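In: coordinates only, no sequence provided:
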């Protein structure tokens, strides 16, 4: 009988190398997110602290911190993907806010979400638009002009 493969375990989230990744990710996240990151980390602390770590370390420390796209471009990509996925309205709400934080205008955000309708369908685009409307209303940015 063949033995199952063994793998080298990943470093602990408390290791020095993971702390560097996390700290880099936290700096990026706090720069673009307007300070909402601690709430996400705290919400996961009692059930999935490793997931919170990986969101920050990988998502922002490794991916978002890469050269090649500026924060506005990254947010347009993120808005399009979350719209196309559907069912991600809580995350879309965060990223609409982040898009505003990095300098996208409500008109640009609406245009990106409208553009997505041609690729992922009207129901997903409508869900995204209504999510954006909620963020815009909270920030006093309605109505949005053409």
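Out: It's in. Not measured: the values here are computed from a predicted model. Numbers count the residues shown, from 1 in each chain.

In: ok, now how distant is residue 130 from residue 2?
Out: 53 Å (CB to CB, to the nearest Å). From N, CA and C alone the C-beta is placed, and that goes for glycine too.

In: so between the two, which is more surrounded?
Out: residue 130 (12 against 4; other CB atoms under 10 Å).

In: give me the mean pLDDT for the helix or strand the more buried one falls within.
Out: Under the criterion of DSSP states H and E, residue 130 resides in helix 122-138. The average pLDDT within helix 122-138 is 98.

In: show me what counts as buried in it.
Out: Within helix 122-138, the residues that qualify as buried are 124-125, 127-129, 131-133, 135-136, counting by 16 or more other CB atoms under 10 Å.

In: can you give me the buried ones in stretch 95-108?
Out: Neighbour-count burial for stretch 95-108 [16+ other CB under 10 Å]: 95-102, 104, 106, 108.

In: give me the subset of those residues that lies in helices.
Out: Of the buried residues of stretch 95-108, the ones assigned to helices by DSSP state H are 95-101, 106, 108.

In: reformat those as CSV; add pLDDT and distance to residue 38.
Out: Formatted as CSV, these follow (pLDDT from 0 to 100; distance: CB to CB, whole Å):
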residue, pLDDT, distance to residue 38
95, 95, 17
96, 97, 19
97, 95, 15
98, 95, 15
99, 97, 20
100, 97, 19
101, 96, 15
106, 98, 26
108, 98, 28
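
In: of the residues you listed, which is the nearest to residue 34?
Out: The shortest gap between residue 34 and any of these belongs to residue 101, at 4.8 Å (CB to CB).

In: so who does that closest one touch?
Out: For residue 101, the contacting residues are 32-34, by CB atoms under 8 Å, 6 or more residues apart in numbering.

In: can you find the helix or strand in this protein with the smallest mean pLDDT?
Out: Within the chain, no helix or strand scores below helix 37-44, which has a mean of 85 by mean pLDDT, DSSP states H and E.

In: what lies in contact with the helix or strand that that helix is followed by?
Out: Sequence-wise, the next helix or strand downstream of helix 37-44 (DSSP H and E) is helix 49-54. With CB under 8 Å, 6+ apart as the test, helix 49-54 has contacts from 13, 18, 22, 40-41, 43-45.
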